[in-house]
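Participant: Provided below for reference: sequence and predicted model.
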Amino acid sequence: MIFSISVPVYGHAEFLPHTLESIRCQPVKVELAVLDATPDDSVQRVLSTYTDMIDYAYHRQDDGQAAAIQEGWDKTSGEIVCWLNADDYYFPDALATVREVFLNKPDIDVVYGHAVYLSADGNFQTYFPSISENSSLLKRKCIICQPSCFVRRKAMERVGGLNTALHYTMDWDFWLRLYHANCSFYFLNELISAVRVYPNTKTLSGSAERYREIKDILRANVSWKHRKMSLLGFRYYDLVNRTTGSLERLVLYPILSVLARLHRWRAKRKTFRIRGLKPWTNFVEDACEVSLPWYSQDVPRDVTVMTDMPVEFSSTFAGKSIALETCGTRQTIFLGQKIKACVYRAKLQEHAGQVLSFQLRSYKGPWRLLSLEVS
């Protein structure tokens, strides 16, 4: 079984080595297409050291991200198609885990799993918050994190591939057309990819064109009532990621937060947690697990953890306990608000493998993970 991976690139040369190394380390057969629309040669200089693993490439102006991805698929022949943006990357062995699902479940057309959200410099923010194993929810919101999704080529061809006229929601539109074509979805409860989330990304652009595409999808799939709630949800998540104290965030975010809690209460939904962590707010009842892929040639040495209250941690790395030392308090920004944080630091004595995993526990009740930085 071969994976056809398209990597559309426009800038982000500084992130590309992580992306390509994460593909190189996968123990599966890959046909890789790198589609570079960057005006300068910065990306080409990086790619010059990866020519052995690239099956198709160009460096020219193209017709947009969706068209580039589709061309990559058309120029390769793998049975499974996917794409990875130049600032995202896979967990080690992720594709092998996905391959096993496709091999053991020949009736499955789409496999998707978890993702972690990282800052631009690679530090943990939260887990992808919208994930659900109920694929019917696709009609209301995008429950699939794009780098963590894989599709059989025959299913992709059945629905005509990506809509190259879209520039922001081509992934969600693609999942929906697969869903309406009665393709079978499978939720894989594993960490598959790491996604950098920062203001310069298309998702956080807040552009009117993005919201127009979102409205068009909702209009075609749900009632006016659900369309209204979904749009509020998209706006809420956009505001969550605003780190500046803009008037819009200061006014709208508290209102939408209350509406979101009211909606969950009316729906009688249980608090959703991933590995013990409540996405976005990062509230933890007692313990949580945080995992990060690590592809830098520099061995990680320092861990800095910040919480919103004094806590005691029992933490391990690479199967061995590590001690987090209390380093006082300091002001930090979390969800656009200044918070007095308790700071803890630890030294990593060794680095085993390419996944950093931390189990964090408080013995004093609910707490909140404000940040976890590794350097």
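Facilitator: Arrived safely, thanks for sending.

Participant: tell me where the stretch 251-375 of the chain has strands.
Facilitator: 283-284, 287-293, 302-307, 315-317, 320-322, 325-334, 337-347, 355-361, 367-374 (DSSP state E, counting those that start in this stretch).

Participant: any chance of those in a markdown table, plus mean pLDDT?
Facilitator: Shown next, in a markdown table, are the strands of the stretch 251-375 of the chain (pLDDT from 0 to 100):
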| stretch | mean pLDDT |
| --- | --- |
| strand 283-284 | 92 |
| strand 287-293 | 89 |
| strand 302-307 | 90 |
| strand 315-317 | 68 |
| strand 320-322 | 73 |
| strand 325-334 | 88 |
| strand 337-347 | 88 |
| strand 355-361 | 85 |
| strand 367-374 | 91 |
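
Participant: to Tyr127, which of those lies closest?
Facilitator: strand 287-293 (8.9 Å; C-beta to C-beta). (C-beta placed from N, C-alpha, C; glycine too.)

Participant: first-to-last residue distance for stretch 49-56?
Facilitator: Start-to-end span of stretch 49-56 (C-alpha to C-alpha, to the nearest Å) is 15 Å.

Participant: how far is it from where the chain is centred?
Facilitator: 25 Å (C-alpha atoms, centre = their mean, to the nearest Å).

Participant: do stretch 47-61 as well
Facilitator: Per C-alpha atoms, centre = their mean, the centroid offset for stretch 47-61 relative to its chain is 24 Å.

Participant: what residues does it touch?
Facilitator: 16, 20, 23-24, 30-38, 43-44, 72, 75-76 (C-beta atoms under 8 Å, 6 or more residues apart in numbering).

Participant: closest to Val159 out of the strands of the stretch 251-375 of the chain?
Facilitator: Closest to Val159 of the strands of the stretch 251-375 of the chain is strand 287-293 (C-beta to C-beta; 30.7 Å).

Participant: so which elements touch the closest one?
Facilitator: The contact analysis (3 or more C-beta pairs under 8 Å, 6 or more residues apart in numbering; DSSP states H and E) places strand 287-293 against strand 110-118, strand 185-196, strand 355-361, strand 367-374.

Participant: could you redo the last one with a cut-off of 6 Å?
Facilitator: Secondary-structure packing of strand 287-293 (3 or more C-beta pairs under 6 Å, 6 or more residues apart in numbering; DSSP states H and E): strand 355-361.

Participant: now for the strand it packs on, which elements pack on it?
Facilitator: Identification of packing neighbours for strand 355-361 by 3+ C-beta pairs under 6 Å, 6+ apart yields strand 287-293, strand 315-317.
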